[in-house]
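1. turn this into a model:
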Amino acid sequence: MDVIRIRGARENNLKNISIEIPKNRITVFTGVSGSGKSSLVFETIGAEAQRQFNETYDSYLRSRMPHYGHPDADSIQNLNVAIIINQKRLGGNARSTVGTVTDIYTLLRLLFSRIGEPFVGYSMVFSFNNPKGMCPMCEGLGTITDINQDALIDKNKSLNEGAIRFPAFQPGGWRWTRYVNSGYFNNDKKIKHFSKDELHMLLYAEEHKPKNPSKEWGKTMLYEGIIPRIKRSFLKKETKEHKRKKDELREILYQHTCPECKGARLNKEVLHCRIQGNNIADCSAMQISHLIKFLKTIQNNQVQSVLDELIARLTHLEIIGLSYLALNRETSSLSGGESQRIKMVRHLGSSLTGLLYIFDEPSIGLHPNDIARLTDIILQLRDKGNTVLIVEHDPDIIKIADHIVDMGPGAGKEGGNIVYSGAVSGLKQADTLTGKFWSMHRAPNQNARQAKTFLTVRNAQLHNLKNVTVKIPQRVITVVTGVAGSGKSSLINQELPRQHPHAKPIDQGLLRGSRRSHLASYTGIFDALRQVFAKTNHVSASLFSANAQGACPQCKGLGVIRLDLAFMEEVEETCDLCKGTGYQQGVLGYTWNGKNIIQFLKMTVAEASDFFEGTDKELLNRIRELGLGYMTLGQPLSTFSGGERQRLKLAMEFDEQGQLFIFDEPTTGLHPSDIEKLMSTFHRLADRGNTVIIVEHNLDVIAQADWIIDMGPGGGSDGGRVVFEGLVSDLLKHPESKTGQHLARYITTRKFRKTISSSAI
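-> Numbering: from 1, shown residues only. This next block holds a predicted model:
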């Protein structure tokens, strides 16, 4: 069949929709955040394709695979095997690098084992994960983890007063008794008054039996200094206790480059083997574009096939806009966008056809200059005979679509419908939010705020920054642009806060809270809600908390029961006693304005704003203005995307004045209509006397800046300079700025449409 046919899809907010999606074509799904795009593409089509494919394996293998339930739909027909390429970070441990995850390092090892001189062994010897190849001091990690003595010990306290800061050694604990009962110390003596011998005994002594311990000392107990004890108990092995104490360990640990291998990870013998003066660690440390040039200088027929494959795979990374990376870059340090592009590279050389590729906003983190390369790759995948489905907002990705499915018309309960399905050309005439913004004309900011004062970042040399000194105007909106790897994040997210510690980064990191935390509890609105329920019903406010008196006795307020199936993956099932609410049944009998606590938590932010007054209502309206009106009050924090987390943090900070705010790609996951609302918020922040700095690629945001700092001109070693600083209108004329060139093509001379009025939000 030449279409994927879906009938009666009702997953999440989908309104019983039916659709036919053409095969062997590129279909882009558009719509505002929360309109149902992901529910249709990932949770219906992708989940069913994965489920059916997993069913082809035997039960033993299926038990070790992710579990996919049946999507809520009447029928889904004519699916292909799906390859889902999402934004989930590659993660991995310290031994996982760009080279290992792409298998390029395997080819590099093969090359050195064949023609490296002197010969030191076969391919596996060049692996830093192999005992024969790894550095003996750091065991192939390239870094040494040590304990910071000053962070571990409060020298102004005695052992009895809790001088050992690590919680596992606090007074009263069984580990603490090893030291106070050892007979070595005056337990009331301040650590700063210890002699050198006493301090060494406390911190570094090897395991032994003390000569004169107190009577409480056990017969078989041995004494050991605090530092070797922590290393043995917490650092040498990944115990359950180590995992529980990970955050506390982070407070007392620091990492430094291994003095033996200087960060190369390998032993001296392996590093002695070279090709044209470079060892394998030198090659891994080169940025990809430089490594390609080096490999092309090697002339050896014996390994030509290996060289060709190496260069081809590295070129794929270069084409996809990752030429600034090095093979030794740890995967845990990669952004979501970088991770997604590396996953794409795995499929570029594949000869498989007839697959279903599903992408989740592949433009995230990409400069317009890199998106052109990305679209070429997507077109290649289609032309090989594959079907490509993309959830996306970027106009340059939308342009290459053979078919468009626009979801909406709004978000949450207002979404879940197909409001347009057809060719890209018809989208401009469609009466939808996407259609209106697709056909909009844009112009640069003609009324830029004039800065009177500046703050300066001086002599920045972090990563690829080339001794950069730059002035940033205060009380205006500054957008920092540049291709991926140009030095934007190094300058703004790292150097700026270091030199100006009062800066307030509003990032996409995790929100503080427990597994039970949700939007209402994070914002503080839940406290007001519980108080009004308590006052109305003359009961305790703790009754309306799933963390306290109101918790379901079976699931302890979680709403789910965790089942440990031994060798199988842990499974979560909805609690049958509370039906997933997390509350004991009696609590749901109490109401306010005709609704119980669960009915309030199921309300969207937009709906809930009608029930609140004062500062709580203002906060809900701000959250709504930032494009999160579709989220429910009870939405768990663990389900928020990075962009949603960032916007919620912004809503909480909005009342500030005279602050220095830093935003890192705040348009992540946003529809153009929501970006317009976001820019309206940024303008209001600047009007309140705040300095707003935005690291961003989005051309709508760049066009509306008061001031531009463009980094580059390229990525990696080709970047790290300030290419341009000034007004948007001047950026358009700058010959070296790639940002200016793309912006000039994007805008027109017609006046940019004003931001949506508050009455329309």
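
2. make it CA atoms for all contacts and neighbour counts henceforth
-> OK.

3. quick one, helices of the stretch 601-750 of the chain?
-> Ranges of helices in the stretch 601-750 of the chain, per DSSP state H, counting those that start in this stretch, are 605-608, 614-623, 642-653, 672-687, 699-703, 728-731, 738-746.

4. packing partners of the fourth one?
-> Contacts of helix 672-687 with other secondary structure elements, assessed using 3 or more Cα pairs under 8 Å, 6 or more residues apart in numbering; DSSP states H and E, are made with helix 433-438, strand 477-481, strand 691-695, helix 699-703.

5. which elements pack onto the second one?
-> This means strand 477-481. So strand 477-481, by 3+ Cα pairs under 8 Å, 6+ apart, packs with helix 672-687, strand 691-695, helix 699-703, strand 707-712.

6. and the ones you listed as a markdown table, adding mean neighbour count, mean pLDDT and distance to residue 289?
-> Output for those, formatted as a markdown table (neighbours: other Cα atoms under 10 Å; pLDDT from 0 to 100; distance: least, Cα to Cα, whole Å):
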| stretch | mean neighbour count | mean pLDDT | distance to residue 289 |
| --- | --- | --- | --- |
| helix 672-687 | 20 | 90 | 34 |
| strand 691-695 | 25 | 97 | 25 |
| helix 699-703 | 23 | 94 | 27 |
| strand 707-712 | 26 | 96 | 16 |
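
7. between the ones you listed, which one is closest to residue 477.
-> Closest to residue 477 of those is strand 691-695 (Cα to Cα; 4.8 Å).

8. run the chain-centre distance for that closest one.
-> In terms of Cα atoms, centre = their mean, to the nearest Å, the centre of strand 691-695 is set 20 Å apart from its chain centre.

9. nearest to residue 479, of the helices of the stretch 601-750 of the chain?
-> The minimum distance between residue 479 and the helices of the stretch 601-750 of the chain falls on helix 699-703, with 6.2 Å, by Cα to Cα.

10. next SSE after the helix or strand of the chain with the lowest mean pLDDT?
-> Sorting the helices and strands of the chain by mean pLDDT, DSSP states H and E puts helix 240-244 at the bottom, at a mean of 52. Going down the chain from helix 240-244, the next helix or strand is helix 246-252, by DSSP states H and E.

11. and the nearest residue to residue 101 once chain neighbours are set aside, how far from residue 36?
-> Among residues not flanking residue 101 along the chain, residue 331 sits closest, at 7.9 Å (Cα to Cα, 6 or more residues apart in numbering). Per Cα to Cα, to the nearest Å, residue 331 is found 31 Å from residue 36.

12. which one of these two has more residues nearby?
-> Taking other Cα atoms under 10 Å, residue 331 and residue 36 do not tie; residue 36 has more neighbours (32 against 24).

13. residue 111: which of the helices and strands packed on helix 672-687 is closest?
-> Smallest distance to residue 111 across those (Cα to Cα): 38.5 Å, for strand 477-481.

14. tell me the buried residues in the strand or helix carrying residue 533?
-> Using DSSP H and E, residue 533 sits in helix 525-537. For helix 525-537, the neighbour count (16 or more other Cα atoms under 10 Å) marks 525, 526, 527, 529, 530, 531, 533, 534 as buried.

15. the residue nearest to the fifth one when sequence neighbours are not counted and residue 550, how far apart?
-> So the one you mean is residue 530. Among residues not flanking residue 530 along the chain, residue 541 sits closest, at 5.4 Å (Cα to Cα, 6+ apart). Residue 541 sits 9 Å away from residue 550, going by Cα to Cα.

16. also residue 623?
-> Look at residue 623 and residue 550: by Cα to Cα, they are 28 Å apart.

17. right, I'll leave it there.
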